[in-house]
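Chemist: No letters, just coordinates:
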């Protein structure tokens, strides 16, 4: 039976006190920490990279859910694995040879995730789905935090859940973008089980927000 998990997005935290914010959400029960690495090329923004993640790894036992929003991610898989990533998620749109990238992530001893932008069809991952540990469906166009959830992604979640269950797979379905306490129940009902939440966690009392999310996910 799949577990429902919360993955607070570091992008929405207070960068002047990252260690404190991470400790607050971890102690409140968040299982994953979502780390958006942006290169300013695949997406418009630049976020943070290996030094930040390496520093944070020393301060947390959470699963580091590293989302590589970068072009040609194969160039850096070894480095991100070495500094403490537990899950490495690459964008199908950014990989020339997606199957090879997935294989490399597994060879590094990490879980492999594949992310799809809102308009990217599920058919892109049809043949690699059995090899993937997690599929991340973007529910906003990637590159900026604080965007509104795109409604049609709910139907996409349902379609992906049907694909996963129809093949008897245990693949996690993660949703990233505009997930809030107001809509998380409908995202869960559609078939997702890993929720990325940024502003909805770190805006206000992060610990209390985490507890509220976990109550809805229980």
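Modeler: Done, it's in. These numbers come from a predicted model, not from an experiment.
Chemist: Please look at residue 94 and residue 73 and confirm they touch.
Modeler: Yes - with contact defined as CB atoms under 8 Å, residue 94 counts as touching residue 73 (6.0 Å). C-beta here means a position set from N, CA and C on the backbone, and glycine is covered the same way.
Chemist: which residues in this structure form strands?
Modeler: Taking DSSP state E, the strands of the chain run over residues 5-8, 32-38, 63-69, 87-91, 111-116, 134-138, 172-176, 194-197.
Chemist: how about those strands in CSV, adding mean pLDDT, distance to residue 166 and mean neighbour count?
Modeler: Below are the strands of the chain laid out as CSV (pLDDT from 0 to 100; distance: least, CB to CB, whole Å; neighbours: other CB atoms under 10 Å):
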stretch, mean pLDDT, distance to residue 166, mean neighbour count
strand 5-8, 98, 22, 26
strand 32-38, 97, 26, 24
strand 63-69, 98, 26, 25
strand 87-91, 98, 23, 26
strand 111-116, 98, 18, 22
strand 134-138, 98, 14, 25
strand 172-176, 98, 13, 25
strand 194-197, 98, 20, 26
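Chemist: Run through the protein and note the low-pLDDT ranges.
Modeler: By pLDDT under 70, the weakly predicted segments of the chain are 145.
Chemist: Please look at residue 40 and residue 69 and confirm they touch.
Modeler: No - with contact defined as CB under 8 Å, residue 40 does not reach residue 69; the gap is 9.9 Å.
Chemist: Can you give me every residue that contacts the residue nearest to residue 31 when sequence neighbours are not counted?
Modeler: Nearest non-adjacent residue to residue 31, counting by CB to CB, 6 or more residues apart in numbering: residue 5, 4.7 Å away. By CB atoms under 8 Å, 6 or more residues apart in numbering, the contact set of residue 5 is 31-32, 172, 193-195, 217.
Chemist: and the longest helix along the chain, which residues are buried?
Modeler: Using DSSP state H to define each element, the chain has its longest helix at helix 153-166. Buried residues in helix 153-166, defined by neighbour count with 16 or more other CB atoms under 10 Å: 153-154, 156-157, 160-161, 163-164.
Chemist: and it, how far out from the chain's middle?
Modeler: 17 Å (CA atoms, centre = their mean, to the nearest Å).
Chemist: Do you have the helices of this structure handy? List them.
Modeler: Going by DSSP H, the chain shows helices at 18-27, 50-57, 77-82, 98-107, 153-166, 184-190, 199-202, 206-217.
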